[in-house]
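1. Sequence first, then the predicted structure:
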Amino acid sequence: MRRSGFRIAALTLLAALLATNFYRAATQSIVHDEALTWQLYLAGPASTIFHHYDANNHFLATVLFRISTTLFGQSEFAMRLPTVLAGAWFYWTVFRLCALALGDGWLFLLGCAALTLNPILLDFMVAARGYGLAMAALFWALYQMLCWFQDRSNGVAAELLRKRLWKAALGCSMAVATNLTFLVPVFLLAAAFCVLIVRAQKESKPAAAPVSLPALKSRKKSNKTKREPSRQPASPYAPLTHFVVPVILLAVAFLLAAPIDLARSEDFYVGTNTALRSLRDLMESSFAYGSGAGVLRGIEHIAANIALYFLPLVALAALIVAFLMPGKSRSMPELATSLASLAVAGSALLLIAAHLLAGIPYPQNRTGIYFIPLATLAALGLARILIARTGPAHSIGLALGVVLVCCTAEFAVQWNVNSFLVWRYDADSKRVFGVLEAAPKPAGQVRLGASWVFEPALNYYRTRRNATWMAPVERDGFDGARQFYVVSPADQANPALSRLKPLYRGPISGALVAIP
């Protein structure tokens, strides 16, 4: 396949994913965390976003959700529109990043697929949460960092180089302002970028050379007619200020606008207690995402177990190889590999330290969503570096590419348009409410007995559809007089509910609608 063929294939894939995201945003039922965000920050005064902190308040994303629902209404699609657009931004960034770091061959197409087909990542390119926007901003910042080095080596004008630095600063700031869990990888990328900026400036600073008298006279004569090219900044720290200062200013603005000062330690509760359980959860969320059974489910668990060791080891190997490469000026694959692998390894170490020192939980699925794309990018970069060499290294690079193809295929076969992994119990909530609407009802206001996980979604549909016949759903269990019940699979084993008469069972979630 020619260069244009790989590009067309990649663009076709990314366009199909974006179209799928629009479809899912319009059709999938609202889920617990989306509905809770709607209750807390979108249905009431806008000032609540700035005066009330909750783990659900992904600040920048919440502001965008508020703007979208104000302009386009309170539908699920209107809430999710900022995330879907962030997905388009992420796909375009991945396309440009892979072209820059992996070249135009088959690794480029593989990179576009491997970085975008992760099923849990696709979930958060749709759901009205902040993880998708934060991921797009993080990868955009990384792309701008790499572009700065490329533009600098190509002698691009200083003004354009400054814009690259400002864009990188904006991407870093947006990622953290959208979701605080991205602070760790953003900090590491930003710190490494600052070190590389200073090192690059020092290495390229020209040494003073003696100038002969005839050359000096010739230069004086030509000064009036010919303008000298712009010189490199006198200080190696001059470009650094164009990155650091915007980051500081944007951080101050975020701290002033967001209610971070109201956060409590108990607000940061999502996670696991052990590093191994965290790592296994991250891998199973990506490689064993499906909800089926039988042979396919067994293959998914095998893939998750292989990835449990493969991705961390390859990310570590990529970090070692990238930093051992000879030469002062690094190639784009080497820079991309070193930054991505450093973000993976460094984040793991910082999270272990945070857990041991402050008791902060280890990441769990969405709170560590950045790990697998960054580790995948590091593996792709390592494959690119090794394939460019000869002998055993070339063969190892090809083998690594084959494993990445298998990982990408595992991502692809888990593709779905019906549910989100984290909130699969809410996949049928829209249909559940439709069943409640259509069912014959006794006189007076209906009181619903519901598992607590359904409360936000059912109250959302109650308000959206003006269902005055239903009392507000509360998290008060099943006791007392109830005319209808909505029961999660976990609560269906309750002996007190064994005599209920089923009306509907959700095909995806297993949620049960029943009457006494």
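-> The structure has been received and is ready for your questions.
2. contacts and neighbour counts: CA atoms only from here.
-> Noted.
3. got the residue ranges for the helices in the stretch 51-200 of the chain?
-> 59-72, 76-102, 106-116, 119-123, 131-153, 158-178, 183-204 (DSSP state H, counting those that start in this stretch).
4. and those, which one is worst for confidence?
-> Least confident of those, judged by mean pLDDT, is helix 183-204 with a mean of 90.
5. in it, what counts as buried?
-> Using 16 or more other CA atoms under 10 Å as the test for burial, helix 183-204 gives 183-190, 193-194, 196-198, 200-201.
6. contacting residues around stretch 106-114?
-> 6-7, 9-10, 13-14, 94-95, 98-99, 102, 376-377, 380, 384, 401, 404-405, 407-408, 411 (CA atoms under 8 Å, 6 or more residues apart in numbering).
7. what separates it from the chain centre, distance-wise?
-> Distance of stretch 106-114 from its chain centroid, counting by CA atoms, centre = their mean, to the nearest Å, is 18 Å.
8. buried ones in that stretch?
-> Result for stretch 106-114 [16+ other CA under 10 Å]: buried residues 106, 107, 108, 109, 110, 111, 112, 113, 114.
9. any chance of those residues in CSV, plus distance to residue 258?
-> Compiled in CSV, these are given as follows (distance: CA to CA, whole Å):
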residue, distance to residue 258
106, 44
107, 41
108, 39
109, 39
110, 39
111, 36
112, 34
113, 35
114, 34
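10. Could you pull up the residues touching residue 46?
-> The contact partners of residue 46, taken as CA under 8 Å, 6+ apart, are residue 66.
11. For residue 440, find the nearest of the helices of the stretch 51-200 of the chain.
-> Closest of these to residue 440 is helix 76-102, at 26.9 Å (criterion: CA to CA).
12. and residue 336, what element?
-> In this structure, residue 336 sits in helix 332-358 according to DSSP states H and E.
13. other SSEs contacting that helix?
-> helix 76-102, helix 131-153, helix 183-204, helix 295-324, helix 371-387 (3 or more CA pairs under 8 Å, 6 or more residues apart in numbering; DSSP states H and E).
14. Which parts of this structure belong to which domain?
-> 3-203+236-413, 424-515 (automatic domain parsing).
15. Deepest-packed of those domains, please.
-> Here the criterion is mean neighbour count by mean count of other CA atoms under 10 Å, and of the domains of the chain the winner is domain 3-203+236-413, at a mean of 20.
16. mind checking how far the residue nearest to the spatial centre of the chain is from residue 125?
-> In the chain, the centroid-proximal residue (CA atoms, centre = their mean) is residue 135; its distance is 3.1 Å. Distance, residue 135 to residue 125, using CA to CA, to the nearest Å: 9 Å.
17. before we move on, what about residue 383?
-> For residue 383, the distance to residue 125 (CA to CA) stands at 27 Å.
18. if we can go back for a sec, output the helices of the stretch 51-200 of the chain as JSON lines; include the columns distance to residue 43.
-> What follows is the helices of the stretch 51-200 of the chain, written out as JSON lines (distance: least, CA to CA, whole Å):
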{"stretch": "helix 59-72", "distance to residue 43": "9"}
{"stretch": "helix 76-102", "distance to residue 43": "11"}
{"stretch": "helix 106-116", "distance to residue 43": "32"}
{"stretch": "helix 119-123", "distance to residue 43": "24"}
{"stretch": "helix 131-153", "distance to residue 43": "22"}
{"stretch": "helix 158-178", "distance to residue 43": "20"}
{"stretch": "helix 183-204", "distance to residue 43": "29"}
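19. so which of these comes closest to residue 452?
-> Nearest of these to residue 452, taken as CA to CA: helix 76-102 at 20.8 Å.
20. Would you check the distance separating that closest one from the middle of the chain?
-> Offset of helix 76-102 from its chain centre (CA atoms, centre = their mean): 10 Å.
21. For that helix, name the packing helices and strands.
-> Using 3+ CA pairs under 8 Å, 6+ apart, helix 76-102 sits against helix 3-27, helix 59-72, helix 106-116, helix 131-153, helix 332-358, helix 371-387.
22. Just send these back as JSON lines, with distance to residue 159 too.
-> Compiled in JSON lines, the helices and strands packed on helix 76-102 are given as follows (distance: least, CA to CA, whole Å):
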{"stretch": "helix 3-27", "distance to residue 159": "30"}
{"stretch": "helix 59-72", "distance to residue 159": "29"}
{"stretch": "helix 106-116", "distance to residue 159": "30"}
{"stretch": "helix 131-153", "distance to residue 159": "11"}
{"stretch": "helix 332-358", "distance to residue 159": "22"}
{"stretch": "helix 371-387", "distance to residue 159": "29"}
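23. Looking at these, which is nearest to residue 456?
-> It's helix 59-72; of those, that one is closest to residue 456 (CA to CA) at 16.7 Å.
24. Taking helix 76-102 as reference, get the angle to that closest one.
-> Orientation check (axes from the mean of the first three to the mean of the last three CA atoms, to 10 degrees): helix 59-72 against helix 76-102 gives 130 degrees.
25. For residue 24, see how far away residue 366 is.
-> For residue 366, the distance to residue 24 equals 18 Å [CA to CA].
26. let me redo that: residue 187
-> Residue 187 sits 33 Å away from residue 24 when distances are taken as CA to CA.
27. From the buried residues of helix 183-204, pick the one nearest residue 158.
-> Once CA to CA is applied, the member of these that ends up nearest residue 158 is residue 201, at 13.0 Å.
28. So the closest one versus residue 178, what's the distance?
-> Counting by CA to CA - residue 201 and residue 178 are separated by 32 Å.
29. Ok, residue 310 next?
-> 30 Å.
30. can you check residue 244 too?
-> Noted for residue 244: a distance of 19 Å to residue 178, by CA to CA.
31. which residues sit against stretch 373-381?
-> Against stretch 373-381 from outside (CA under 8 Å, 6+ apart): 101-102, 107, 111, 114-115, 311-312, 314-315, 318-319, 333-334, 336-338, 340-341, 343-344, 400-401, 404.
32. for the stretch 251-400 of the chain, which spans come out with low pLDDT?
-> Applying pLDDT under 70 to the stretch 251-400 of the chain flags residues 265-267, 269, 292-293, 326-329.
33. one more time with 90, if that's ok
-> Scanning the stretch 251-400 of the chain for pLDDT under 90 picks out 260-271, 288, 290-303, 321-331, 358-360, 365.
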